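1. Below: sequence and its predicted model.
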Amino acid sequence: MKKAFQKSRIPEQSAFVVKELIAPNFDKNWHFHPEYQLFLVMEGRGTRFVGDDMRSFKPNDLVFTGPNLPHLWRNDQEYFEKDSQLMTRGIVVYFPEGFLGKDMGEKDEFEELQNLLKRASLGLEVTGETNTLVRERMIQLVQKKGLERIIGLLEILLLISRSNEVKTIVQAGYTNANKESEKDRMSRVHEFVMDHFQQDIKQEEVAALINMTSSSFSRYFKSRMNKSFSDFLSEVRISHACKLLHSENLNISEVSYDSGFNTLSNFNRQFKERMGMTPKTYKQDFQTRFE
């Protein structure tokens, strides 16, 4: 397994890196790094984790994250099946703090950019028409060289900085409390939950996975994720249930069982608490919107 903490992705001779990713699945390890990251999903579906936020992703998902903000784009389980023919594709840009040089970045002309970079510390999701414009420029950026590539990135950042179609992802009070010495602990927790959430998971067994007692793990997890482990597990299951409810072929009971809930009543209660409506209403609302 790759470690959650990695050295810079940017060669010393380059100001930043942009590349197209094509693989059976995105990197499934929860991690963070010192560079800013702009990531566009072009092909692939799954669950996106950024800081303390978790939600589904699909093609055109576009996120800008600041330095050391933990993240993970975890593909749905079908992407990891032995005979899967599914593929993922995306474009990622990494650039360091001060990539334009310290003195230049502090000039008045770069005030918009500096404000954007500060906002990126909580992660930014780019939506609407801005998403369309930035996607086009990111595709073009892959082919650009030299100074044109620098100008292309600045154009992208300018679009994002002036847009009102940019949403903050994590809660304002979130800070990354993970230490380098902890290495891949949280990555192992994420991977275990995503692989086993449809089964009965006890906090004790997850704690044992990273050599902790249940009580120590409870405090550790909440300090890193701003939520309890049980809430996190419930969010993963509800997110999966939402995807299943988009299918006309499954009834509510089948969705409940396939999402890891022991009883239908517990599923209905937790779903309504988190989604503000019952699974039945959610399913009907989705079908009405896409008829």
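-> Looks like it arrived, so ask away.

2. Give me the nearest residue to Ala120, chain neighbours excluded.
-> Of all residues beyond its chain neighbours, the one nearest Ala120 is Gly66 (3.8 Å), with distances taken as Cβ to Cβ, 6 or more residues apart in numbering. Where you see a C-beta, it was placed from the backbone N, CA and C, and this is true even at glycine.

3. now the helices: where do they sit in the stretch 151-291 of the chain?
-> Using DSSP state H, counting those that start in this stretch, the helices of the stretch 151-291 of the chain run over residues 185-196, 203-209, 214-225, 229-245, 252-258, 264-275, 279-289.

4. Next, format these as a markdown table and append mean neighbour count and mean pLDDT.
-> A markdown table is the format used below for these (neighbours: other Cβ atoms under 10 Å; pLDDT from 0 to 100):
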| stretch | mean neighbour count | mean pLDDT |
| --- | --- | --- |
| helix 185-196 | 19 | 90 |
| helix 203-209 | 15 | 95 |
| helix 214-225 | 16 | 92 |
| helix 229-245 | 19 | 93 |
| helix 252-258 | 17 | 93 |
| helix 264-275 | 16 | 93 |
| helix 279-289 | 14 | 82 |
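
5. returning to what we had before: list the contacts of the residue nearest to Ala120.
-> Residues near Gly66 by Cβ atoms under 8 Å, 6 or more residues apart in numbering: Tyr36, Leu117, Ala120, Ser121, Leu122, Gly123.

6. In terms of distance to Asn25, which of these ranks first?
-> Gly123 (21.6 Å; Cβ to Cβ).

7. What about Val92, how many residues nearby?
-> By other Cβ atoms under 10 Å, the residues close to Val92 number 17.

8. which element is it on?
-> Assigned by DSSP states H and E, Val92 belongs to strand 88-95.
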